[in-house]
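1. Got a sequence here, can you build the structure:
(one chain, ligands or ions: 2)
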Amino acid sequence: MLTVRAPATSANLGSGYDVFGIALSGPADVLRVEKAPRTTLSVTGAGSQYIPEDPAQNTVGAVVDALDAPARIRIDKGIRPASGLGSSAASAAAAALALNELYDRGYSREELVSIAAKGEAVVAGEAHDDNVAPALLGGFTVATPDGVTHVPADLQLVVCLPDIVVSTSDARAVVPDGVRLDEMVETVGNAATLTAGMERDDPYLVGRGMRESVVTPSRAKLIDGYGHVHDRALEAGATGVTISGAGPAVLAVCPEGFKRRVAAAMVEGFDDRGVEARAFQTTVGEGARLLDT
Ligand SMILES: Nc1ncnc2c1ncn2[C@@H]1O[C@H](COP(=O)(O)OP(=O)(O)OP(=O)(O)O)[C@@H](O)[C@H]1O
Ligand SMILES: N[C@@H](CCO)C(=O)O
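-> Ligands and ions are numbered 1, 2, ... in the order given. A predicted model of the protein is given here:
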């Protein structure tokens, strides 16, 4: 039997819609796999009542098929589904790493990204690499159709998860079909600033580079209290705040020593609007890894 931990991830980072992602040091999913003549699945933990145990409807099923690796799989969810924290991607990434090892398939982590993305296609309808790439590689990732670029990064973060459910498909439905040239110029500038900030572990550059004015404002309407929480986090010292993935989680980048007060301000901000929320004080973290059993 093999046990694998795969982390939550935060996609987009504002200016990198469908391209940027980071691994978080927590929370995480844990998968246990052992060889079996046919695949069976059991799911426990956060939001498990909403996650199908039929392999055909779960992100890990497509990974099993892609690696031709039937197994008895137990998923312990640390990441609530429909959170904006890459819940479905974490299970897919963990399955890819675990089954590759269990069946000695010999794929590199980079190659496993597109295999894990097949799992994401099961729930999202189309394959996005921006959560599975950091879930497998860790750090900051830039996923484009030409491949994934990986940058190790060291940043202090808070993610605040309100008690609201936003499915990725609903959040994609509100994204505008096109952008104006001035909006494109602004986004390119911010995305470049963010990338330079990741290279330098600079929370001020990263925070500034997260600004984005096309996708984020459209999606903010799906998250009760988002504008207020955004402002409260900045007042508390965050250098940048945006929607994590498709939401409803909200991501804040913090200078050293500010996470506690930013986390409290974000939870209070949602509470001001009558929404329960919990905050995770975290960092940019490593990708999926095998655990000793
Ligand atoms: N192993 C799995 N873990 C979590 N959700 C799963 C899994 N397999 C299938 N699903 C389904 O995927 C959907 C959640 O995916 P969705 O992409 O909306 O959320 P997310 O992964 O938290 O978000 P995001 O991609 O925005 O970070 C739910 O309908 C859930 O039942
Ligand atoms: N880039 C994706 C992440 C969620 O799968 C989105 O924002 O819709």
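
2. Return the residues in contact with Ala246.
-> Listed by C-beta atoms under 8 Å, 6 or more residues apart in numbering, the contact set of Ala246 reads 11, 84, 166-168, 171-172, 219. Backbone N, C-alpha and C define where each C-beta goes, glycine included.

3. ok, now with 6 Å
-> 84, 168, 171 (C-beta atoms under 6 Å, 6 or more residues apart in numbering).

4. so how far is Met184 from the residue nearest to the second one when sequence neighbours are not counted?
-> The one in question is Thr168. Spatial nearest neighbour of Thr168, chain neighbours left out: Ala246 (4.3 Å); criterion: C-beta to C-beta, 6 or more residues apart in numbering. Note on Ala246: its distance to Met184, by C-beta to C-beta, to the nearest Å, is 21 Å.

5. And Asn12, by the same measure?
-> Taking C-beta to C-beta, one finds Asn12 at 16 Å from Met184.

6. ok, these two, which is more surrounded?
-> Taking other C-beta atoms under 10 Å, Asn12 and Met184 do not tie; Asn12 has more neighbours (27 against 12).

7. quick one, phi/psi of that one?
-> Main-chain torsions, Asn12, degrees, to the nearest 10: phi 80, psi -50.

8. which residues are in contact with stretch 214-230?
-> So stretch 214-230 is contacted by 14, 17, 166, 171, 174-175, 179, 183, 241-243, 247-248, 250, 266, 269-270, 273, 275 (C-beta under 6 Å, 6+ apart).

9. Quick check: nearest residue in space to the residue of the chain positioned farthest from its centre, chain neighbours excluded?
-> Residue farthest from the centre of the chain, counting by C-alpha atoms, centre = their mean, is Pro37 at 32.1 Å. Nearest residue to Pro37, sequence neighbours excluded (C-beta to C-beta, 6+ apart): Pro70, at 6.5 Å.

10. Mind pulling up the pLDDT for the one you found?
-> If you check Pro70, the pLDDT there is 98.

11. let's have the chain start at 661 instead
-> Okay, residue one is now 661; in that scheme the one you just asked about reads as Pro730.

12. hmm, back to that, so which of the contacts of Ala906 wins on neighbours?
-> Highest count within the contacts of Ala906 by other C-beta under 10 Å belongs to Gly744, 29 neighbours.

13. Is that residue part of a helix or strand, or is it coil?
-> Of the three states, Gly744 takes coil according to DSSP: H, G, I helix; E, B strand; the rest coil.

14. wait, it sits on Gly905?
-> Yes. Shown here, Gly744 and Gly905 form a contact pair, counting by C-beta atoms under 6 Å, at 3.8 Å.

15. who in the stretch 661-810 of the chain is up against ligand 1?
-> Applying C-beta under 6 Å from any ligand atom, we find that the stretch 661-810 of the chain lies next to ligand 1 at 671, 710-712, 718-720, 735, 741-749, 751, 783-784, 791.

16. and if we set it to 8 Å?
-> 669-671, 689, 703, 707, 710-712, 717-720, 735, 737, 739-752, 779-780, 782-784, 788, 791 (C-beta under 8 Å from any ligand atom).

17. So which of those reach ligand 2?
-> Answer for those near ligand 2 (C-beta under 8 Å from any ligand atom): 671, 744, 746, 748-749, 780, 784, 788, 791.

18. max-length strand in the protein?
-> Using DSSP state E, we find that the single longest strand of the chain is strand 680-695.

19. List the buried residues of that one.
-> 680-685, 687-693 (16 or more other C-beta atoms under 10 Å).

20. want to throw these into JSON lines with distance to Val819 and pLDDT?
-> Shown next, in JSON lines, are the buried residues of strand 680-695 (distance: C-beta to C-beta, whole Å; pLDDT from 0 to 100):
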{"residue": "Phe680", "distance to Val819": "15", "pLDDT": "98"}
{"residue": "Gly681", "distance to Val819": "13", "pLDDT": "98"}
{"residue": "Ile682", "distance to Val819": "10", "pLDDT": "98"}
{"residue": "Ala683", "distance to Val819": "12", "pLDDT": "98"}
{"residue": "Leu684", "distance to Val819": "7", "pLDDT": "98"}
{"residue": "Ser685", "distance to Val819": "11", "pLDDT": "97"}
{"residue": "Pro687", "distance to Val819": "9", "pLDDT": "95"}
{"residue": "Ala688", "distance to Val819": "13", "pLDDT": "97"}
{"residue": "Asp689", "distance to Val819": "15", "pLDDT": "98"}
{"residue": "Val690", "distance to Val819": "19", "pLDDT": "98"}
{"residue": "Leu691", "distance to Val819": "22", "pLDDT": "98"}
{"residue": "Arg692", "distance to Val819": "26", "pLDDT": "98"}
{"residue": "Val693", "distance to Val819": "28", "pLDDT": "98"}
